[in-house]
Each structure stands twice: as C-alpha cells, then as structure tokens.
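Colleague: all I have is the shape, not the residue letters:
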C-alpha cells in the first residue's frame, strides 16, 4: 500500500468531514430556531387546547413546557404522557413525539416523527392535533 496516497485520502476525508460538520451545525441551528418559533406559536397552544378539551370530557390532563418541548400529562399518572421535542441527532433535525404509558409494572415507550415531512416548516395546528388524538387513543378507551 502506498502510504503517501493513504495519507492524501485521509486528509481529504478529514476536510470533507469538517465541511459536512459545519453544514450540519448550521442546519441544526436553523432547525432549532424554527422549532422554538413553532413551539411558541403552534404546538404549545394546541397542547393547551387539547388539555382543555379533554378536561371538558372528564379526562384530566396537564400541559408542561420543559425547555425545548411541550408535554401533555395525565394528572393521575404523571410519569406517563405525550411529549414533543426536537431530535437534533437527525439530519436535518426533526420534531419527534414520544409517548410513555404505564400499565401496572410494564412501561411502553414509543417515538415517532411528528409528521412524514421531516421539517417543522409547514406543520400546522391541525397536524399537531391529529397526531395528538391518534396517540391519546389508549387514554380515551378508559
């Protein structure tokens, strides 16, 4: 093996990785900025409206707003709930819904993208409400 050629290939791979890293960080920064705006203007209001509608039906849920996310939690099982966060490990970063449900000693955790479109741009309040209703079904059966 030619060591000079190997070294040249390695240096080229390092340069490409650095450029890709800079571009990925820029995409992540932009996605985070858009996601924060989306949380404030769309997701949190929909989660709050859903909690209010559930309360009207006799199902007590509370909305929590941890840093960088929003969570809908049943008042009697506070470790359970539906949480929306930004998964920055994806490229491009995308909003992800995590559902945690306990039944006795068994805990089930499920994660799914908020929508099929990976990006937060264009996600409407109807999209958020639709996904929330889908994921609330196990709680609605009671």
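Modeller: Noted; the coordinates are in hand. This is a predicted model, so every value here is computed, not measured.
Colleague: looking at this, residue 35 is in a strand?
Modeller: No: counting by DSSP: H, G, I helix; E, B strand; the rest coil, residue 35 is located in no strand; its state is helix.
Colleague: surely it and residue 90 touch.
Modeller: No: Residue 35 is beyond contact range of residue 90, at 11.9 Å (criterion: CB atoms under 8 Å). (Glycine included, C-beta is placed from N, CA and C.)
Colleague: with neighbour numbers in mind, choose between those two.
Modeller: Each of residue 35 and residue 90 has its neighbours counted (other CB atoms under 10 Å); residue 35 has more, 24 against 14.
Colleague: could you measure the more buried one against residue 49, distance?
Modeller: Distance, residue 35 to residue 49, by CB to CB, to the nearest Å: 20 Å.
Colleague: and what of residue 87?
Modeller: For residue 87 relative to residue 49 (CB to CB), the value is 24 Å.
Colleague: ok, residue 78 next?
Modeller: Using CB to CB, residue 78 is found at 21 Å from residue 49.
Colleague: those two: who's more crowded?
Modeller: Remark: of residue 78 and residue 49, residue 49 carries more neighbours, 15 against 11, as counted by other CB under 10 Å.
Colleague: quick one: residues contacting the residue lying closest to the more buried one once chain neighbours are set aside.
Modeller: Excluding its sequence neighbours, the residue lying closest to residue 49 (CB to CB, 6 or more residues apart in numbering) is residue 129, at 7.7 Å. Residues near residue 129 by CB atoms under 8 Å, 6 or more residues apart in numbering: 46, 49-50.
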